[in-house]
Every structure is written in C-alpha cells, then in structure tokens.
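Asks: predicted model follows, preceded by the sequence.
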Amino acid sequence: MENKMDISNLTMEELEAYIEELGEKKFHSKQIYKWIHKIGVTHFDEMTDISKSLREKLKERAYILNMEVIEVQISKKDGTMKFLIRLNDNAAIESVLMKYNYGNTICVSTQVGCKMGCKFCASTKEGYERNLSGSEIEGQIQTIQRYTNERISNVVYMGIGEPLDNYDNVIKSIKLINHPLGLNIGARHLSLSTCGLVPNIYQLADENTQCTLSISLHATLDEKRKEIMPIANRYSIKEILDACKYYIKVTGRRISFEYALIYGKNDSYEDAMRLVKLLRGMIAHVNLIPINEIKEKEYKKATEKSVESFMNTLNSCGIVTTVRRELGSDIDAACGQLRKKYIDKNLD
Ligand code: SAH
C-alpha cells in the first residue's frame with residue numbers, strides 16, 4: 001500500500017481530475033465515487049460496471065480505505081455502541097453510534113490524540129499523534145454502517161481531537177459526507193464542536209457549510225477557563241463570543257454552547273448568571289453536560305440538584321438550555337476513554 005494513493009480521500013472534483021489524468025472518461029468518476037462512498041465497497045473488483053482494464057489500472061495506483069473494528073462495546077442501558085477502530089498505521093481511534101428517535105447519530109474523531117490539554121478530558125492524556133485524513137473521518141461512518149447495516153443520518157464532530165485544529169481535512173470530510181452520490185448527509189445534519197480556535201471559527205463561517213457549531217465553553221470567567229482549558233490562554237471568552245456572533249451573522253445558524261458542570265468549580269448560581277449575561281441576545285442554545293468522571297482526573301460530577309438549578313436559572317432568564325442525556329455511561333463513553341484503555345493495555 002506504501003506508494004499507492006487513498007482514492008477514498010478524493011472529493012468528487014478531485015476524482016474527476018484524477019480519472020481524466022489516467023486518460024479515462026470523466027463519467028467513470030461518478031460510478032467510482034458511488035461505489036466507494038454510497039455503496040461502501042472496499043475492493044475495486046466489486047465495481048461491476050467498471051471495465052476490468054480500468055479496475056486494474058486503479059488497483060496498480062490506488063487503494064480504497066478500509067479500517068478495521070478492533071472492539072465494540074454496547075451499552076445495556078440505551079444501546080449506544082462504542083467502536084475502537086484501527087487505522088492503516090495501527091493507530092486507534094474511537095467512534096460512537098447513538099440511537100435517537102430522530103435517527104442514528106455518529107460521533108467521529110478527527111485526530112489521533114489531541115493537543116488541547118483540557119484538564120477533564122481523556123482524549124488528551126496520551127498527547128497528540130497525527131491528524132486524520134478526510135477519508136479517515138468519513139470512513140468512520142462507512143465502517144460503522146458496514147458493521148451494523150444501519151444507516152446513519154447525523155454526524156457530530158465530538159470524538160477524539162480538535163476539529164478546527166485539523167481544519168482542511170475536516171472540511172474535506174464534510175464535502176465527502178455531503179455529496180449526493182455518497183452518504184448524502186446534509187450539512188444541517190452535521191455538528192462540529194470546538195474548544196474555541198477563534199481564527200478558524202471565522203474561516204468556517206466564511207466557508208458557509210451550514211453545519212451546526214458547538215462551542216465548548218465550560219466557564220464564564222477567563223481565569224477559571226484557563227484552569228481547566230489551556231486554550232483559554234490564547235483566546236479570551238470575549239474573542240470567542242465575537243467570532244460566534246460573526247458565525248451567526250454569516251450563516252444564520254444558531255450556536256450551541258457546551259458547558260460541562262464540575263462540582264464546586266463552575267456550577268454555582270453566580271456562574272449561571274454570568275453565562276446568562278454572556279449569551280443574552282445571541283441565537284444560542286446551552287447544552288449542560290454533567291461531567292463524566294475519568295480515572296486520571298481530579299474533577300467530580302456536579303450534583304443532580306445543582307445541574308437542575310443551573311438549568312432552571314438559565315431557562316428562566318430566556319436562554320434555551322437542556323441537559324445532555326448521558327448515553328453509554330456504562331461503556332466508557334467519555335471521549336478517549338476506550339482508546340486510553342487500549343493504549344494502557346498494549347503498553348503493559
Ligand atoms: N475538541 C472539541 C471536540 C471534542 S470533545 C471540543 O473541545 O469541543 C466533545 C465535548 O465533550 C467537548 O465539549 C468536551 O469539552 C466534552 N468533554 C470532554 N471530556 C469530557 C468529560 N470527561 N465529561 C464531560 N464532557 C467532556
């Protein structure tokens with residue numbers, strides 16, 4: 001595979017150019033794209049409407065990404081499935097399949113590891129290895145559809161990694177996922193979560209992909225945010241909110257703010273009131289996440305009572321707020337936990 005090119009990582013336009021470069025008719029690219037991205041084949045020989053000679057030509061030069069499921073955990077509580085997936089270089093990533101009544105949602109990883117260093121997050125514990133390619137991001141959907149035979153209708157970029165720190169490949173994955181001859185999942189069914197890389201939020205707004213933007217805010221004062229999220233040393237809450245306002249202005253889309261409630265850290269009435277002040281007047285939605293306690297970190301989950309009063313305070317001040325349903329709490333569902341366990345086991 002060393003010198004071969006990953007053909008699944010080509011957008012429709014790139015595939016057209018590639019097929020023409022091979023001296024073949026452009027329309028074959030539509031057939032090939034459909035085989036790879038809609039039907040999900042992993043061998044050129046499965047492309048029955050492509051001539052043998054073209055298949056041979058492609059086989060010599062290219063391969064179709066095929067990632068392997070190493071482990072699956074299924075929640076007994078809610079059917080959430082967590083997949084540990086092996087990439088071609090043996091790195092491992094996680095993807096999660098959640099079943100909601102409006103359809104199947106998959107949570108994809110965007111990097112192997114993460115550089116951001118959020119104190120409460122397992123993904124960051126082993127540091128950062130590399131970016132995923134566009135096809136490795138899209139391929140998580142292909143792999144899970146093949147494995148479960150179920151169709152996926154929504155995608156959230158909330159797995160391992162910081163999507164906006166792998167900007168170009170994430171945009172490519174959106175194009176691959178969107179295309180009508182492929183998975184055909186519309187941008188409005190995609191949601192991208194960031195810890196707040198300000199310049200890239202502006203860039204994403206100008207891209208006008210129509211995907212939903214989620215901001216991992218988690219604190220209402222810069223000083224407090226710095227204690228739990230190192231990225232806060234680079235960008236202030238004000239700078240993030242200004243970028244969000246620009247995103248709303250350009251795309252007309254509502255922004256979702258994630259706020260992980262940590263016992264005694266960011267769960268007080270004063271915190272709630274500061275959040276109200278920050279978000280007042282914005283088209284926003286707040287998603288409260290009772291923090292998922294991970295083995296290596298010191299933070300404790302906020303009490304049920306404080307989660308409820310935090311939500312009530314926000315709602316009564318006109319900020320639409322929900323508490324994220326904890327899916328898969330029995331299967332290490334917090335980002336990066338399964339991969340971390342896998343790495344620990346293989347290092348023993
Ligand atoms: N890097 C991106 C996306 C990945 S994390 C981001 O920061 O947004 C997806 C969400 O889960 C983020 O809001 C993140 O802060 C949150 N998260 C990570 N670890 C968590 C934990 N242990 N408990 C609750 N939420 C967590």
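Replies: That came through, no problem. Residues are numbered from 1 along each chain as shown.
Asks: now the strands for the stretch 201-348 of the chain?
Replies: 212-216, 255-261, 284-290, 321-323 (DSSP state E, counting those that start in this stretch).
Asks: and those strands as a markdown table, adding mean neighbour count, mean pLDDT and distance to the ligand?
Replies: Yep, even glycine has a C-beta here, placed from its N, CA and C like the rest. Shown next, in a markdown table, are these (neighbours: other CB atoms under 10 Å; pLDDT from 0 to 100; distance: least, CB to the nearest ligand atom, whole Å):
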| stretch | mean neighbour count | mean pLDDT | distance to the ligand |
| --- | --- | --- | --- |
| strand 212-216 | 22 | 97 | 3 |
| strand 255-261 | 22 | 96 | 4 |
| strand 284-290 | 20 | 93 | 5 |
| strand 321-323 | 18 | 94 | 12 |
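Asks: which one of the ones you listed lies closest to Met311?
Replies: strand 321-323 (5.0 Å; CB to CB).
Asks: what is that closest one packed up against?
Replies: strand 284-290, helix 304-316 (3 or more CB pairs under 8 Å, 6 or more residues apart in numbering; DSSP states H and E).
Asks: turn these into TSV, columns for distance to Glu14.
Replies: As requested, the helices and strands packed on strand 321-323 are exported to TSV (distance: least, CB to CB, whole Å):
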stretch	distance to Glu14
strand 284-290	35
helix 304-316	45
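Asks: what residues does the stretch 151-300 of the chain have near the ligand?
Replies: 158, 162, 193-195, 216, 258, 260, 289, 291-292, 294 (CB under 6 Å from any ligand atom).
Asks: now Asn154: closest residue in space that isn't a chain neighbour?
Replies: Take Asn154 and drop its neighbours on the chain: the residue closest to it by CB to CB, 6 or more residues apart in numbering is Thr105, 4.1 Å away.
Asks: tell me the secondary structure at the one you found.
Replies: strand (DSSP: H, G, I helix; E, B strand; the rest coil).
Asks: what pairs with it across the strands?
Replies: Met98, Asn154 (DSSP bridges).
Asks: per-residue confidence for it?
Replies: In this model, Thr105 is scored at 95, pLDDT.
Asks: next up, the contacts around Leu181.
Replies: 12, 30, 33-34, 37-38 (CB atoms under 8 Å, 6 or more residues apart in numbering).
Asks: nearest to Asp45, of these?
Replies: Closest to Asp45, out of all of these and judged by CB to CB, is Lys34, at 15.8 Å.
Asks: wait, that closest one sits on Gly182?
Replies: Yes - with contact defined as CB atoms under 8 Å, Lys34 counts as touching Gly182 (7.4 Å).
Asks: looking at the two, which one has more neighbours?
Replies: Gly182 (23 against 17; other CB atoms under 10 Å).
Asks: and His37, how far from the ligand?
Replies: Distance, His37 to the ligand, by CB to the nearest ligand atom, to the nearest Å: 24 Å.
Asks: got the contact list for that residue?
Replies: Going by CB under 8 Å, 6+ apart, the list of residues near His37 reads 8, 138, 142, 176, 179, 181-183.
Asks: closest one of these to Pro199?
Replies: Leu176 (24.0 Å).
Asks: quick check: the closest one is in a strand.
Replies: No - with three-state DSSP as the criterion, Leu176 is located in helix rather than a strand.
Asks: next up, the contacts around it.
Replies: Per CB under 8 Å, 6+ apart, neighbours of Leu176: 8, 11, 37, 134-135, 137-138, 182-183.
Asks: dihedrals phi and psi, the residue most central in space within the chain?
Replies: In the chain, the residue lying closest to the centroid (CA atoms, centre = their mean) is Tyr157, at 1.5 Å. Backbone torsions of Tyr157, given as degrees, to the nearest 10, read phi -90, psi 80.
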